[in-house]
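> Kindly generate the corresponding structure for this input.
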Amino acid sequence: MKIVVALVLLVLGSIVFHWLSPWWLTPLAADWGEIDLTIDITLYITAVVFVAVNLFLAYCVYRFRYSPDRRAEYEPENKKLEGWLTAITSIGVIAMLAPGLVVWARFVDVPEDAHEVEVVGQQWQWNFRLPGEDGILGEVDAAHVGLNNPFGMNPNDPAGNDDVLVNTNELHLPIDQNVRLWMRSKDVLHDFAVPQFRVKMDMVPGMVTYAWLKPTVEGKYDILCMELCGIAHYAMRGYVVVDSQENYDEWLAAQSTWSEINGRPPGDPVAGQSQFATCAACHGQNGEGNIAMNAPALAGLPAWYIARQLEYYKQGIRGAHEDDIYGKQMAPMANMLADDQAVRNVTAYIDTLELADAAHTIDGDPTKGASHYVSCGACHGAQAQGNYALQAPRLAGQDDWYLKRQLQNFREGVRGTHNEDSYGHQMVLMARSLKNEDSINDLLAYLNTL
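Okay, here's the model as predicted:
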């Protein structure tokens, strides 16, 4: 009887848990209600089978329980029963598979009026590319990917000149318009998924896959990677914003094309030297840093990283938190650089400065720190040399007191919690994996040996 009671409670508990569970499908925000219907059909069929099988098992356990006055009857086969079971099972399987095949037929049949967007996945970011006025996406190739060409645009293909390059993790789509998403990966397997859209697709290196949808509800939705792609897989987040046509057009007009990006003049270190005079008051004439001024060394940091931080300060992404005392001081300094060209000039000059030996101010256990650094090294490099492909700056040779403060800021949410700081979001999660101050000190002690 205990087994019978347990089986009945299992069935009742499963039904109650299903109806009271908080884990339901997110509200639908795209024209893919058929997928929800397919899921519901599968769920109901499996639920009926689950309840029937377990209650039948409970009945059999009770009805045919052991009795010294009864003997079991051996029946090696029952063709009538086998026929019924085969027929019912076949009907159930067909009922589950057929709707999926119908939906898949529609899924691979992209409407002719769908406009195109390319989704580019890499550890651990999302980027996007849209065709320009010609409506054609230019050719791309991994061989062309580099510091000044992160999308791998073919410089010899004129069709790509007007392509709109969105080098952030936020994509905008107009409401009630069909869109085909072309998908490619720059490194490892990824999977593009927006739960509210009910579509997802693997992104395989060397291949181009696709999905399509029609957004139907305005709002901002999370992009998830649903393929284990490395240590920061869980932090590979992006956003899709479904806009009205007017707001979408405004956003699109603010984006840069490949020809505009490619035509920007490089930074001029000579012009940047005069602009660096303001920076030198705190960071030192040679960018060596000044602990008395709470100004870290700039020499040795890559130009692209410094440029990003300056833009973050200018845009209020960094230095706006009420507890970021030193960030608040940097924000007005960054705003003294009038435009993007001024930023490129000053970073080009900093790039010419030689990294000086940093003073070691942190005591810790480098041996323990080496184990902590395993996670950091996945992005920043085995020797903390930095990695542009992962947008991870150099750590070796940097001021340990400054790195400690930034790790603490990330842990406490002082830095990296702004909605537009996608790299900071990842660092918040990674910094919080360090248990306490001793762990931070050990990590920095190890970095000081590199």
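> Name the surrounding residues that touch stretch 405-415.
318, 321, 323-324, 326-327, 416, 421, 424, 427-428, 430-432, 434, 440, 443 (CB atoms under 8 Å, 6 or more residues apart in numbering). (Each C-beta comes from the backbone N, C-alpha and C, glycine too.)
> Any chance of a ChimeraX selection covering the buried ones in those residues?
Of those, the buried ones go into a single ChimeraX selection, burial set by 16 or more other CB atoms under 10 Å:
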select :318,321,324,327,416,421,424,427,428,430,431,434,440,443
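> Report the outermost residue of this structure with respect to its centre.
Distance from the C-alpha centroid of the chain, by CA atoms, centre = their mean, peaks at D69 (66.7 Å).
> how many neighbours does A30 have?
22 (other CB atoms under 10 Å).
> With V8 as the reference, measure out to Y44.
Note on Y44: its distance to V8, by CB to CB, to the nearest Å, is 21 Å.
> In terms of neighbours, single out the busier of the two.
Under the criterion of other CB under 10 Å, the comparison of Y44 against V8 puts V8 first, with 15 against 12.
> Verify the stated contact: the more buried one with F56.
No: counting by CB atoms under 8 Å, V8 does not reach F56; the two are 11.7 Å apart.
> Just the ones in helices from the contacts of stretch 405-415, please.
If you go by DSSP state H, the contacts of stretch 405-415 have Y326, G327, G424, M427, V428, M430, A431, I440, L443 in helices.
> Looking at these, which is nearest L81?
Relative to L81, the closest of the ones in helices among the contacts of stretch 405-415 is M430; by CB to CB it sits at 58.8 Å.
> Leaving out chain neighbours, which residue sits closest to the closest one?
Nearest residue to M430, sequence neighbours excluded (CB to CB, 6 or more residues apart in numbering): S375, at 6.4 Å.
> Could you tell me which residues make contact with that neighbour?
For S375, the contact set (CB under 8 Å, 6+ apart) comprises I231, M430, S433.
> and those residues as CSV, adding pLDDT and distance to A277?
Listed next are the contacts of S375 as CSV, based on pLDDT from 0 to 100; distance: CB to CB, whole Å:
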residue, pLDDT, distance to A277
I231, 83, 41
M430, 88, 35
S433, 87, 40
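> I figured G364 hits E437, correct?
No: in this structure, G364 is not within contact of E437 by CB under 8 Å, at 9.6 Å.
> neighbour-wise, which of those two wins?
G364 (22 against 13).
> Report pLDDT for that one.
According to the prediction, G364 has pLDDT 90.
> which ones are touching it?
Taking CB under 8 Å, 6+ apart as the definition, contacts of G364 comprise D438, I440, N441, D442, L443, L444, A445, Y446.
> same thing with S259?
S259 touches N161, D162, counting by CB under 8 Å, 6+ apart.
> what about it, which SS state?
helix (DSSP: H, G, I helix; E, B strand; the rest coil).
> Can you read off the pLDDT for it?
pLDDT, read off for S259, is 90.
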